[in-house]
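[1] give me coordinates for this.
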Amino acid sequence: MKMSMNNFSTLLDKLLLNSSKKIKIKLLYEYFEQANSNDRGWTLSIITNSIKKKNIHLNDLKNLIKNKISPELFDLSYDYVGDIAETISLLWPKNKCSNFNLSLSDFMNNVFFIDNKKTILEKLENIFNSSSSSQIYTIIKIITGGLRVGVSNGLIRESLVAFGKRSSSEIEEVWHGFSYPFFDFFEWLLGKSLPKGLKKEDLFHSFMLAKSIDNKIFLEDPRNFLAEYKWDGIRAQIIVSSTFKLFSRNSEDITDSFPDLKFNLNDNYIIDGELVIKKENEILPFNILQKRTRRKKITNKILNELPAHFIAYDILYFKGKKCTHMNLNKRKDLLSKFISKINKDNITFSPSINFSKWKELEFLMASPLNNHIEGLMIKRIVTKYEKGRVANSWFKWKKEPYTIDFVLMYAQRGHGKRSSFYSDFTFGCWVDNTFDKLVPIGKAYSGFSNEELNQLDKWVRNNTLERFGPVRSLKSKLVVEISFDNINHSDRHKSGVALRFPRFSRIRWDKPANEVCILKDIKSLIN
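    Have a look, this model is predicted:
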């Protein structure tokens, strides 16, 4: 049957509020059972974040509602609620026609295939005028891409196994051959043949992942393992058949962003490796790579200034034959042959690290490593290439994170469950030894407990200097210890530095702010 937007909104609420994996699978299974084929497809598209966002921003929707109610009322309400979508949905004037029976597929078909922003906003206004608060909230999240309901792709696939006629391994094998709105996927799931032209060997294959280092392996014979550097780039997959394709870790097709890596071969090859920027024989920092990935148009200037390089460390297909069942050494031999065959300077073999004792690797980890190296990868030689994190196979041995004390400068309301708390923080350090001016260094919104979040929220409310919508500037009093994985130069930040994955380590309630370091000290960490 057709599922109304209310049905879909109810599903999302239940998924968000339930922490039990078993209950979430049951909720999805029951929804797919009741929905018609189109609503199933759109539901899967939305909860897997497979649809592309429309060119509609939250400010566009704010302007819509400010034409209907007092702008001051909206601003005050938003400051209290903390989430734009929720504020709009609660304040939108209701009429007697609310809760009309709009189905999910009707909404998607009527709105989602329109490109003209003005037309979309007119349609949204008409729909909002006849919708409940729950429907409006859901629609805004769909349109702006802000939907988070705590459902992983793995959990979704388990619900699809329960609903359909395919096993988990069958779904995994062809998952990346389908795209939204997934109508043909559900036909296949319920027993029909694969769409014509879909070849499994041409599809993105899920990566094999590493677990954090387990000290138990140091009791084993080191000859059973291979070690190589853990590069600080983007995990990527090259697929060569009749065409060349490059995919990111989350299966996004990024081929057009890296035309300098393209080559042609007659046979089918799938290569696993790391994407970096390498210039004049030097691998550049991760934030330089991000500059390249953000570019919508790749010019000759970009190709010259930010040349792409692919460091290959595994192979899944060689000359059209699957080789994931082979051990690591055999796959490395085939990978070496592939690298020699294509003979491209910007696609190279990831070298192994020669070692005979674990202490040699311990010494290496204790020594300063270049910023483009995150640590080491330790791989058991006899392992096959399998998707996901396989027990006792691959291990990542990462550098200890940096920890530095900073001063909190700004706080912003969070989203979802955190929308009523100040949970997103901007931190900084002193510009110089006069200790009279702070410069922002980065933002952090994780690493603290729920109890600490309550303490931080209370402190923010009692130590606010100014308000800017959902943001508050703070008295320069509270010191926090921030952990981060790496630091590099950045021309995008006022401070001139960029931190990799900053998060709270602890709150230094006892430490005076004038004991926090200066910007020069932060920059000295860059090597």
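[2] show me where the stretch 51-200 of the chain has helices.
    For the stretch 51-200 of the chain, applying DSSP state H, counting those that start in this stretch gives helices covering 58-66, 71-81, 84-91, 104-111, 117-129, 133-144, 153-163, 168-174, 183-189.
[3] can you tell me which of those is nearest to Ala210?
    When the helices of the stretch 51-200 of the chain are compared by CB to CB, helix 153-163 sits nearest Ala210, at 17.4 Å. Placement of C-beta: from N, CA and C, glycine included.
[4] domain ranges for the protein, per the record?
    5-144, 208-396, 402-523 (automatic domain parsing).
[5] are we agreed that Asn488 is in a strand?
    Yes. Asn488: assigned to a strand according to DSSP: H, G, I helix; E, B strand; the rest coil.
[6] surely it meets Val497?
    Yes. With contacts counted by CB atoms under 8 Å, Asn488 reaches Val497, the gap being 7.0 Å.
[7] re earlier: would you tell me which of the helices of the stretch 51-200 of the chain gets closest to Asn300?
    Comparing these against Asn300 with CB to CB, the closest turns out to be helix 117-129 (32.1 Å).
[8] how big is the angle separating that closest one from helix 133-144?
    The directions of helix 117-129 and helix 133-144 differ by 160 degrees, with axes from the mean of the first three to the mean of the last three CA atoms, to 10 degrees as the criterion.
[9] so who does the closest residue to Lys520 other than its chain neighbours touch?
    Counting by CB to CB, 6 or more residues apart in numbering, the nearest residue to Lys520 once its immediate chain neighbours are dropped is Asp432, at 7.4 Å. Asp432 makes contact with 518-520 under the criterion CB atoms under 8 Å, 6 or more residues apart in numbering.
[10] circling back to that earlier point, same list, the helices of the stretch 51-200 of the chain, but as a markdown table with mean neighbour count please.
    As requested, the helices of the stretch 51-200 of the chain are exported to a markdown table (neighbours: other CB atoms under 10 Å):
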| stretch | mean neighbour count |
| --- | --- |
| helix 58-66 | 16 |
| helix 71-81 | 15 |
| helix 84-91 | 22 |
| helix 104-111 | 19 |
| helix 117-129 | 15 |
| helix 133-144 | 22 |
| helix 153-163 | 17 |
| helix 168-174 | 15 |
| helix 183-189 | 20 |
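[11] mind putting the ones you listed in a markdown table, distance to Asn266 included?
    A markdown table is the format used below for the helices of the stretch 51-200 of the chain (distance: least, CB to CB, whole Å):
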| stretch | distance to Asn266 |
| --- | --- |
| helix 58-66 | 49 |
| helix 71-81 | 59 |
| helix 84-91 | 51 |
| helix 104-111 | 41 |
| helix 117-129 | 45 |
| helix 133-144 | 43 |
| helix 153-163 | 33 |
| helix 168-174 | 24 |
| helix 183-189 | 29 |
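[12] nearest to Leu408, of these?
    Between Leu408 and the helices of the stretch 51-200 of the chain, the shortest gap by CB to CB is with helix 71-81, which sits at 19.4 Å.
[13] now do that closest one against helix 84-91, angle only.
    Orientation note: helix 71-81 sits at an angle of 120 degrees relative to helix 84-91 (the same axes, to 10 degrees).
[14] list the buried residues of the host helix or strand of Lys230.
    The secondary structure element spanning Lys230 is strand 225-231 (assigned by DSSP states H and E). Within strand 225-231, the residues that qualify as buried by neighbour count (16 or more other CB atoms under 10 Å) are 225-231.
[15] show me what that strand is packed up against.
    Secondary structure elements in contact with strand 225-231, counted by 3 or more CB pairs under 8 Å, 6 or more residues apart in numbering; DSSP states H and E, are helix 328-342, strand 373-380, strand 394-398.
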